[in-house]
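coords please:
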Amino acid sequence: MKKLQGLPFLRGALLRYARKVSVLLSFFLLMATLAASAQEEEAAARGVLSRKVSYKATNAPLSKVLKDLRKKLDLRFTYNSELIGRQPAVTVSIEQGSLEALLKQLLKNTGLHYSVDMGGVTIYEDKTVNVAPADAKVTGVIVRGQVTDPKGEPLGGVSIKGLESKQMTVTRADGLFMIVAKPNEQINMSLLGMKPLVYRVNPNETNIMSFKMDTIARDIQEVVVNGYQKIDPRLSTGSYYKLKAADIIEPGQPTVDKMLQGKVPGMMVINNSGSVNAKPNMRIRGTSTLMGNTQPLWVIDGMIRPDPVDVSNAVLNNLVSANGSSANFELMGNAISGLNPYDIESITFLKDAAATAIYGTRAASGVIVVTTKRGKEGPMQISYNSNLSFRARPSYSDFNLMNSQERVTFSKQMQEDHVLYNERNAGMEEELTYEGLLRALYARHITEAQFKEKVATIETRNTDWFKVLFRNQLSMQHSLSLSGGTAKTVYYASASYSGNNGAAKEDGNKVYAGSFNLRSQVTRRFTLDVTLQSSYRKATGYFQGVNPLNYALQTSRVFSPDDYYPMKATTQTVNNVPLKFYGIPLRMNILDEIARSENNSTQTSTSLNLNMDYRIATGLIFRNSSNIITDAADGFAAADEQTFYVSNIRGWAYGDLPTPMQKAYSYLPYGGIAYMQNQQALTWGLRNSLDYTKGFFKERDQFNVSLGNEIRSTKSNGNVSTEPGYFPDRGKTFSPAPVSRTKFSRNVITSALDNSVSFYGTAAYSLMNRYIFSATVRSDGSNRFGQFSNSRFLPNYSVSGRWNAAMESWFPATTLLTDWQVRASYGTQGNVVTAVGPNLIATYANPDEPDYLTGLPVLRIKSMPYPDLRWEKTYQWNIGTNFAMFNNRLRVNLEFYSKKSVDVLDNIPIPYEYGMNTMYRNGSTLYNSGWDAMIDINVISRKNTQLSFTITSGKVKNRVADAVFQDNFFAYLTGSGRLAGKPISSFYSYQYTGLDPATGVPTFGKLNAKTPSSNPDDLLVYSGQLFPVISGAIQPVFRYKSFSLSASFFVSLGSSKRMNDPFRSASDMVANGVPAPNANISKDYLYRWRKPGDEKYTDFPVLRDLGNESLLKIPYTYPQSLGNTQPLTVDPYTAYRMSDLRTVNNNYVRCNAIRLGYGVPASQLGRTGIKNLALGASINNVFTIANSKLQGQDPEIDGVGTSALPLSRQYTLSINASF
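Residues are numbered from 1 along each chain as shown. Below is the predicted model:
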C-alpha cells in the first residue's frame, strides 16, 4: 500500500477535506434513511387503508362492528373498550369499498379519530378537553413502546395490561406494542422468567419509548412445580433443581433422558450403549431398592407415567431369559420415549424427602416432574423446529487390534510354538484362514504355490468390518406447534416426527407424537385445563447374540464379507450331555445372519389429563385432577432355519444331510424360532384437593395448606411366548415338530392389578420472608399385600425449614455477599416391589420334564408364602445452603444428605426340605450418603458479550448393611453379588500373581487356601464399583451479540471397569487358551510369553490348550441350606480374563457436545413473516479422555446385549423458527 507523500500542508488539507466529505456523506445517508423510512411507513399506512371490504350492519354496537372487521380482515384494532362502549349504535353499508371509507362512515359525528400504527388501526379520542361534562378528562392516550431484554434484544409475547382500563395487548416479535390507556394510568408488563415492569402513562409523551426487562435470578423461579402443586418459591423448602427447555434441548439426541447427563446435581446418568433405542441408567442420590425399580419416577403434567413394560418385574417373574426374549425387552422404550422434547416447558427434579414426600411410596428413587408448554395469550404463533444429524461410524483406528498381515504373522507364531488345531479346538476344514490353509496344505488339498498365493491374498485383504456393519447415517427430527388465545382461553397443539438411525445399520426407530392443550377460564371462579397426548414408536434392532460391535472387534479381518467360515463343530445334546459328531461344521456369515433374523417392537401411548380449579373464596381453591393413560407394547424377535443360531440348536447346518442319531435327538429338526411378547396397560387416576393461601400482616407473612386424596389403578395384561417351527418365507407361519413343541413352545399370560389409595396434607408458613417452615404427611394403601392388612397402609412424612439470612437486618449490604439461604429437611419415602406378593404361588414345570410315573406336568413352587410382606421404607435427612457473591457473579448451591432404607426386599436361604433354596423377605438395609453441588460463575457480563460457567456435581457412597444372600459365587465377579459394608455395584477379581516361569500360564493368589470360605474377601480381591462415586459436568457458555458458543463436559470419577475379553477361544472346551482361527486379537499378543524368561517383560500369557488337568480349585463353601457340595473350579485363562490385572480405574471425561448458535436479529427478518429465527450446529461425543489401558474400549458402554453399541460422533444442524 502506498503512503500519501508530498508537502505536509497538502496532506493536512486533503485529510481535512476528507473528514468534511465523510461528515456530509453520513448526514445525507441519515436523511435518506429517515426519508425512506417515513415513505415506507406512509406506504404501509396507505396499503392498510386501501384494503377492499364489503360489510353491512344495522343499529349494531360499534364494538361488535370492530370485532367483525378484525376477524374479516385479520387486522389488529387497538382502542379503549370503555370509550367505544359509550358510542351509539351504528348503521353502515359498503360493497367492495376501501377500509378508509368504511372507517369514515363509522366514526362520523363520534369525535373519534383513527390512525395506522405498526400495521394495525388505532382508534382514539381527540386530546382536546370537552368542557361540557363536569368530569371532563382526557381519554385515549396512545402509548407506543418497545420491550427488550438486558442485552437489548427484543422481547416478543410480553403481556401489556392497563391496571385501570383493563386494556391488554402483547408485544410483537420485534418487541413493539401499542395500547390505548388513560392519562396517568399504570401499565403492567410481564413475561415468564422476567421481572415485571410498571409504567405510569404520560399524556404528553408521543415518542416510541424503550423498556428494558431484567431476568429473574436463576435460583429464584416463579413457581416450583412438584406435580401436585405450584408452590410459591417463598414457601419452598425442599431440595429441587429446575431446568428450562433451553437448558434441556440437545439437538440430535433421540430422547429426553439422554439429554440430561451431567445437568442435574445429584443425578447419575450413564449411557450403557450408543444405540438410539438404549435407555440410560439413571439414579437420583443412589439406590434405595434391590429388587424394585431403581429408576426415578416420571411425572408429566401431574400424571405419573409408568414404563410400558416393567423390566424389573419381568426379571423377577422369569420372563426375561438368555434367549431372544431378552433382545425383545431391550427395544422397549420407557415412560418418556414418545415425549417430544420441544413440547417441554421445564423439568423439575425432586430429590429429598421434603420435595418427594407428597408422592409417598413411589418416591424412594426420586421424582422427575415434566411440565409441558401451554398456549400464550395473543395471536396464533407457529413454531417449527428441525434437526438434521449425521452420525459417523466407528473406525479401527480407535482400537489396538491386528490387521490382516499382523493376524497372519500371529498365526505363524502359533505354528512355530507348535500349537495344534484339531476338531477339539476349532481345527475344522476350511481354506479361509492361515490355519485352515496350512491344514489343507498338509492334507495335500492344495499345492504349496496355491498356499502361498492364498496366504498373500488374506494378508492384504484387511476387511473393515466397521464399514460392512456400520454406516454414516442421517437422522432427522421435525416438530411443529401452534399456540395462541385470548385473555380467557389459550391453546397449544403440536405434532412431531423423529427418525433416529444409529451407526449400526439395523439400529433405528421412528417416533410420531402429537399433543393438544386447552386452558380456559370458564368463569371468574372456574378454570379448566385439558391435555391430550399420544405417541407411536417403532424400533428395530438385532436378534439375540448378533452384536455388530462385538463382531467387528472379535472377528479376524482376513475374511471377505461374503465368506461363510466354520464357527463350530456340529453337536447334539442327548440327556443334557453335548455330543460332537465332527461332521460338516456350522458355518457363519454375519450379513446372512442379520438378514435372516429380526428384532423389532412397537409402542403406543395415549393420555388424557383433565384439571379443574374452582375458587370457592379468596385464597381457597378446590382442585381436581383426573387422568387416564393407555399403553400398548409389542415385541417380535425371530431367526429362520438357515441362521447359525438355529443351526446350533438343530445340531447340523442347513442343507446338510443329518445322521440318524442327529435326527433322532434334535429338538428343532426344521423351522426357525420366534420370541413374542405384548402388553397392554390401562392406568387411571383421580385426585382432589383443597388449597388455602393467606397473607398476614399486610402480606408480610404467607401461609399455605393443602389437603387431598388420590386414587390410582393400573391394570396390565400381556403375553410372552416362544414358538418353534417358524417359517418367515412361507407367510410367517408356524409348523413345529412335536419334539420342538414339547421342548421350546412356551406361552405365558401375564396379568397384574395395582390399586392404591392415598391421603395427604401439606402446610407451609413464611415468617417475614426470613423463616419458612413446611410439613407434609401422606398415607398410602395398596392391594399388593392381599388379605394381610398389617401393612396395607404406610404413612410417610417430612418436616423442613429454610432461613433466608439475606433478609436479616444485620446482613451486609455489599456486593461481596449478596444472598445467603440455609435449609434442612427430614422425612420418609416408601417403595413397593409390585412383582412380589404375600401368597404361595405354584406353577407347572416345563412340559418336557413330566412326572416319570404319571406322565403329567410337575407342579413346582414358584414363590413361598410371606404373610409379613411389608413396604420398603427410606429415611432421609438433607441440609443445604446457597449463596451469591460479587454482585451475583458467583452463585453456589451445596447440599449434604444421608439416606437409610430399611425392610428392603431380598433373598434369604431356607432349609432344603421346603423344596426351594430361597424366598423373598423384608430384611436388608441400605445406606446412601453424599453431596450435591451447583456452581454458576458469570465471568463476563456486558451488553454484547457474556461468558459463564456452570458446574454441576454429585457424590454418592452407598453400602449394604446386611449380607444379601448369594447362591452364585461367580456373581461376585460381575457386580451382582452384594456383601455387607460394600457398595451395591461392587465386584471382585482373581488376584493375578504373574506368569509361571516354566510354562507361561497365569498364576493366582488366595486360591490355595487350606480352609474353605464363603467370604469372597478370602478368595478374591476387591476391585471397586461399577457406578461412579462422583459424576457431574462443566458447561461453559460464551455469547457475543447474536452468536453463542457452548460446550458440555461430563466427568465420571470413582468407578472401575473390566477390560473386554482379549479374544474368542477356539472352542467352548474348558482351559482353552487358543484363539479361534477366525478371531481377531489385540496387537499386544504379538509380544506374549513364548519362552522362559519372557515373564520378566510381559504379562500376556502363553496361548495353548491346557485341558482339564489345569483347572484351579476354588475353596468356596456354599450355604448349607443349598445342599450343594460340588466343588468350584476355574481354568487359568478364564481367571486371567477376570483378574485384577485386567481391571482398570475408570475415571474419564467426555466432551458430550460443542454447540454454535446464531439468532437472526428481528431487523434482518424484514417482511419475511418470520418472527424469530435461530440457526445452530453441534457436535456430540466429541472426544473422551479415559484410562489408556482400555485401548479404545468405551468407558461408559456396558459391553453386553444386542443393543450395546458404540457411542459414535454425531454432527447436527438445527433450525428453529416462529411465525
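
please count neighbours and contacts with C-alpha atoms only from this point.
Noted.

for stretch 177-189, buried residues please.
177, 178, 179, 180, 181, 182, 183, 185, 186, 187, 188, 189 (16 or more other Cα atoms under 10 Å).

which strand or helix spans the last one?
Meaning residue 189. strand 186-190 (DSSP states H and E).

next one: that strand to chain centre, how far?
39 Å (Cα atoms, centre = their mean, to the nearest Å).

next one: stretch 835-846
For stretch 835-846 - counting by Cα atoms, centre = their mean - the centre lies 35 Å from the chain centre.

with adjacent residues omitted, what lies nearest to the residue nearest to the spatial centre of the chain?
Centroid check for the chain by Cα atoms, centre = their mean gives residue 257 as the closest residue, at 1.0 Å. With Cα to Cα, 6 or more residues apart in numbering as the criterion, residue 257 has its nearest non-adjacent residue at 7.1 Å, and that residue is residue 280.

state the pLDDT value of the one you found.
On the pLDDT scale, residue 280 is placed at 90.

the helix or strand containing residue 940 - what's its average pLDDT?
Element membership of residue 940, judged by DSSP H and E, is strand 918-941. Strand 918-941 shows a mean pLDDT of 90.

if I look at the nearest residue to residue 593 once chain neighbours are set aside, what pLDDT would I see?
Closest residue to residue 593 apart from its sequence neighbours, by Cα to Cα, 6+ apart: residue 643 at 5.5 Å. We have a pLDDT of 94 for residue 643.

what does residue 684 give?
For residue 684, the model assigns a pLDDT of 94.

for residue 624, see how far away it is.
As defined by Cα to Cα, to the nearest Å, residue 684 lies at a distance of 14 Å from residue 624.

now residue 84: phi and psi?
The phi/psi pair for residue 84 (degrees, to the nearest 10) reads phi -70, psi -40.

please work out how many residues are found near residue 674.
Per other Cα atoms under 10 Å, the neighbour tally for residue 674 reads 25.

with residue 660 instead?
As a burial measure, residue 660 scores 8 neighbours (other Cα under 10 Å).

list the buried residues for whatever helix or strand residue 96 lives in?
In this assignment (DSSP H and E), residue 96 forms part of strand 90-98. By neighbour count with 16+ other Cα under 10 Å, strand 90-98 contains the buried residues 90, 94, 98.

same check, this time on stretch 609-618
Neighbour-count burial for stretch 609-618, with 16+ other Cα under 10 Å as criterion, is recorded at 609, 610, 611, 612, 613, 614, 615.

got the CA positions of the one helix or strand the second one maps to in CSV?
What it means is residue 610. Following DSSP H and E, one finds residue 610 within strand 597-617. Below are the C-alpha coordinates for strand 597-617, written out as CSV (Å, rounded to 0.1, in the frame of the first residue of the first chain):
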residue,chain,number,x,y,z
SER,A,597,-33.1,-62.7,11.8
GLU,A,598,-35.1,-59.8,13.1
ASN,A,599,-35.9,-57.9,16.2
ASN,A,600,-38.5,-55.1,16.3
SER,A,601,-41.0,-53.6,18.7
THR,A,602,-43.9,-51.1,18.6
GLN,A,603,-45.1,-48.9,21.4
THR,A,604,-48.3,-46.8,21.5
SER,A,605,-49.2,-44.5,24.4
THR,A,606,-52.1,-42.1,24.8
SER,A,607,-53.0,-40.0,27.8
LEU,A,608,-55.8,-37.6,28.7
ASN,A,609,-55.5,-35.2,31.6
LEU,A,610,-58.3,-33.0,33.0
ASN,A,611,-57.6,-30.4,35.6
MET,A,612,-60.3,-28.2,37.1
ASP,A,613,-59.8,-25.4,39.6
TYR,A,614,-62.7,-23.7,41.4
ARG,A,615,-62.1,-20.7,43.6
ILE,A,616,-64.5,-21.0,46.5
ALA,A,617,-63.4,-17.9,48.2
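
lowest-confidence helix or strand of this protein?
Within the chain, no helix or strand scores below helix 8-49, which has a mean of 47 by mean pLDDT, DSSP states H and E.

one step back: ok, residues contacting the strand holding residue 96?
49-62, 102, 105-106 (Cα atoms under 8 Å, 6 or more residues apart in numbering).

same question for stretch 830-849.
For stretch 830-849, the external contacting residues (Cα under 8 Å, 6+ apart) are 289, 291-293, 313, 316-317, 360-364, 742-743, 754, 784-786, 788, 794, 796, 857-869, 871-874, 905, 920.

now intersect those residues with the strands, please.
754, 794, 796, 859-863, 872-874, 905, 920 (DSSP state E).

now those in CSV, with neighbour count?
Listed next are the ones in strands among the contacts of stretch 830-849 as CSV, based on neighbours: other Cα atoms under 10 Å:
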residue, neighbour count
754, 14
794, 21
796, 24
859, 13
860, 14
861, 16
862, 15
863, 19
872, 25
873, 25
874, 27
905, 24
920, 19
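
out of the residues you listed, which one has the weakest pLDDT?
Confidence-wise, residue 794 trails the rest of those, at 73.

that one and residue 759 touch, don't they?
No: with contacts counted by Cα atoms under 8 Å, residue 794 stays clear of residue 759, the gap being 10.6 Å.

could you dump the ones in strands among the contacts of stretch 830-849 to CSV with distance to residue 1072?
Output for the ones in strands among the contacts of stretch 830-849, formatted as CSV (distance: Cα to Cα, whole Å):
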residue, distance to residue 1072
754, 50
794, 55
796, 56
859, 40
860, 38
861, 39
862, 38
863, 39
872, 46
873, 48
874, 48
905, 40
920, 39
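
report the two of those residues separated the most.
796 and 859 (40.7 Å; Cα to Cα).

now the common contact residues for residue 794 and residue 759.
With Cα under 8 Å, 6+ apart, residue 794 and residue 759 have common neighbours 779, 780.

in the stretch 801-950 of the chain, what spans have low per-residue confidence?
For the stretch 801-950 of the chain, the stretches flagged by pLDDT under 70 are 845-852.

what angle do the strand holding residue 940 and strand 859-863 make?
Strand 918-941 and strand 859-863 are oriented at 40 degrees to each other (axes from the mean of the first three to the mean of the last three Cα atoms, to 10 degrees).

and strand 918-941, what other elements does it pack with?
Applying 3 or more Cα pairs under 8 Å, 6 or more residues apart in numbering; DSSP states H and E, one finds that strand 918-941 contacts strand 890-909, strand 945-960.

so what are the sheet partners of that strand and their directions?
strand 890-909 (antiparallel), strand 945-960 (antiparallel) (DSSP bridges).

right, and those strands - which one's nearest residue 715?
If you check each of these against residue 715 by Cα to Cα, strand 890-909 wins as the nearest, at 23.4 Å.

now do the buried residues in the closest one.
If you call a residue buried by 16+ other Cα under 10 Å, then strand 890-909 has these buried ones: 890-909.

could you measure residue 402 against residue 1161, distance?
54 Å.

what's the answer for residue 146, then?
Separation of residue 146 from residue 1161 (Cα to Cα): 15 Å.

can you tell me how far residue 836 sits from residue 758?
Here the criterion is Cα to Cα. By it, residue 836 lies 21 Å from residue 758.

go on, residue 528?
The separation that residue 528 has from residue 758, given Cα to Cα, amounts to 24 Å.

and those two? which has more neighbours close in?
residue 758 (22 against 17).
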